[in-house]
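Novice: Predicted model and sequence follow; I will ask about them next.
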There are 2 protein chains.
Amino acid sequence: MEHVNAHKACNYYKKHQSLFLEGSFPRGVFCINEGMVKVFQRGDEGKEQIIHIAKAGEMVGFRSMFSETPYRVAAETLEESNICFISKDDFLNMMDSNPVLRNGIIKELSKELSDRADFITNMAQKSVRERLAFTMIILLEIYDKEPINLSREDLANFVGTATETLIRLLKDFKEEGIIEVHTRKISVLNKEKLFSIAGK
Amino acid sequence: MEHVNAHKACNYYKKHQSLFLEGSFPRGVFCINEGMVKVFQRGDEGKEQIIHIAKAGEMVGFRSMFSETPYRVAAETLEESNICFISKDDFLNMMDSNPVLRNGIIKELSKELSDRADFITNMAQKSVRERLAFTMIILLEIYDKEPINLSREDLANFVGTATETLIRLLKDFKEEGIIEVHTRKISVLNKEKLFSIAGK
DNA sequence: TTTGAAATATGATGAAGGTCATTTTTTCAA
DNA sequence: TTGAAAAAATGACCTTCATCATATTTCAAA
């Protein structure tokens, strides 16, 4: 940990600031101290697909660090954030000399791999309504007790649907008493029902 | 390698034989010597979503080995195969003592993570026709020079569509001269066109 | 406080693709 | 070789959801 602290460079990031772009080469990892970051890909027509939303305590960007290939995803803050950067070399050294860290990383990679399998299956087999419920459950964990605070467009890009469709479904959820909306902030009133819609 | 050889247990598997099921606990990894294995998830209505097709030289099942949680995917041979099993303990020991192996594994995990991000974006943003083209490109690599030999159902479950829809699209591709079909075996005649349909 | 731009919302429409029913072909074991 | 079951193929229909157009609200800067 001393080693980490000696080598990390922490910075303040404002809202909608980019950490890295698709196509650029990874030079290190980003540790989120405070704030939130979306990890996404741009499809052929430029529409974003959000793959993951990382919150305080998570690391972003080590995925492609080991493969010496350019990023295929981009990352950007969703809100004001405090984020530290650890260079590739430092990080790899730490991993070599620290089995606990190493195992933690591998465990984390494995978990994400499983999460993405679920994501793929959901995308392939569920309706947008079901996917929205599923997504809200994920966001509920990410935002903890806070209301979900994402633009309609980001939310649509996470669910994988058109913004208009998402807005219509939010309206349905509101009418069904599942959520409460104050401008852009969404609070979940009936978690049970979300689970039952999401299926399983 | 000596160590590996001393501890692995190789077996012959016939077609459609299960390696592990969702919900079971990982006890080791499977190395495919010969043959092919599908890794899939069953959605709520039992429909399979194929996440990955592994061929000779690949390992299957180490993903959840580090997380001490049950498999969320299942694996099953697609054809007659020869597959070795290495127990969790042996494998973890090997990883601890062999940095080269270790880095290879992490690299592989990272690569799969990126592949799955692409998969998600494709699922979310592309038409079934485009996804079929994309899937055929992947299968082209897996089957190398051999014709693609998958049931229509498996193919549909990889693309993430209904079997009927897949069959109709295959017919289109056939009529457009992109593929040639002999009963269940599919040969690609026009790779270029596949790329242009898949987009990018 | 006004104002313009961005975000959100709503309506109309059509196409993509899922579902169900049925037929044809293939496979494989007796 | 044949018969039954599984797989593949085709047709009809209908729901879901994307797209385009437009209206309304929110927000921040002047």
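Specialist: Thanks, I have it. Residues are numbered from 1 along each chain as shown, chains lettered A, B, ... in the order given.

Novice: Let's check: the centremost residue of chain A is which one?
Specialist: By Cα atoms, centre = their mean, chain A has its centre lying nearest to A:Ile53, at 1.2 Å.

Novice: Which residues are in contact with that one?
Specialist: Residues in contact with A:Ile53 (Cβ atoms under 8 Å, 6 or more residues apart in numbering or on different chains) are A:Met36, A:Val37, A:Lys38, A:Val39, A:Leu78, A:Ile138, A:Leu139, A:Ile142, A:Phe158. All C-beta atoms are positioned from the backbone trio N, CA, C, and that covers glycine.

Novice: Sketch out the helices for chain A, chain order is fine.
Specialist: A:2-7, A:88-97, A:99-125, A:128-143, A:152-159, A:163-175, A:191-198 (DSSP state H).

Novice: Could you figure out how far the last one is turned away from helix A:128-143?
Specialist: Yep, that's helix A:191-198 we're talking about. Interaxial angle, helix A:191-198 versus helix A:128-143 (axes from the mean of the first three to the mean of the last three Cα atoms, to 10 degrees): 140 degrees.

Novice: Name the nearest residue to A:Lys111, ignoring sequence neighbours.
Specialist: Leaving aside its chain neighbours, A:Lys111 sits nearest to B:Ser67 (5.4 Å; criterion: Cβ to Cβ, 6 or more residues apart in numbering or on different chains).

Novice: Please indicate which of the contacts of A:Ile53 are buried?
Specialist: Buried members of the contacts of A:Ile53, counted by 16 or more other Cβ atoms under 10 Å in any protein chain shown: A:Met36, A:Val37, A:Lys38, A:Val39, A:Leu78, A:Ile138, A:Leu139, A:Phe158.

Novice: on that earlier part again, per-residue pLDDT, the residue nearest to A:Lys111?
Specialist: Looking at B:Ser67, its pLDDT reads 81.

Novice: if I pick it, what's in contact with it?
Specialist: By Cβ under 8 Å, 6+ apart, B:Ser67 lies in contact with A:Lys107, A:Ser110, A:Lys111, A:Ser114.

Novice: what's the closest of those to DNA strand D?
Specialist: The nearest member of these to DNA strand D, counting by Cβ to the nearest atom of the strand, is A:Ser114 at 24.2 Å.

Novice: does the closest one really touch B:Phe62, like I thought?
Specialist: No: the criterion here is Cβ atoms under 8 Å, and A:Ser114 misses it with B:Phe62 at 11.9 Å.

Novice: Give me the more crowded residue out of the two.
Specialist: Between A:Ser114 and B:Phe62, counted using other Cβ atoms under 10 Å in any protein chain shown, the more crowded position is B:Phe62 (23 against 18).

Novice: thinking the more buried one is in contact with B:Val29, fair?
Specialist: Yes: if you go by Cβ under 8 Å, B:Phe62 and B:Val29 touch, sitting 4.4 Å apart.

Novice: Quickly list what's touching both of the two.
Specialist: Counting by Cβ under 8 Å, 6+ apart, the common neighbours of B:Phe62 and B:Val29 are B:Phe91.

Novice: For chain A, which residues are neighbours of DNA strand C?
Specialist: Along chain A, the residues adjacent to DNA strand C under the rule Cβ under 7 Å from any atom of the strand are A:Ser151, A:Arg152, A:Glu153, A:Thr163, A:Glu164, A:Ile167, A:Arg168, A:Leu170, A:Lys171, A:Val181, A:Thr183, A:Arg184.

Novice: which of the residues you listed come close to DNA strand D?
Specialist: A:Glu164, A:Thr183, A:Arg184.

Novice: what sits against the residue nearest to A:Leu166 when sequence neighbours are not counted?
Specialist: Of all residues not flanking A:Leu166 in the chain, A:Ala156 sits nearest, at 4.0 Å (Cβ to Cβ, 6+ apart). By Cβ under 8 Å, 6+ apart, the residues touching A:Ala156 are A:Ala162, A:Thr163, A:Thr165, A:Leu166.
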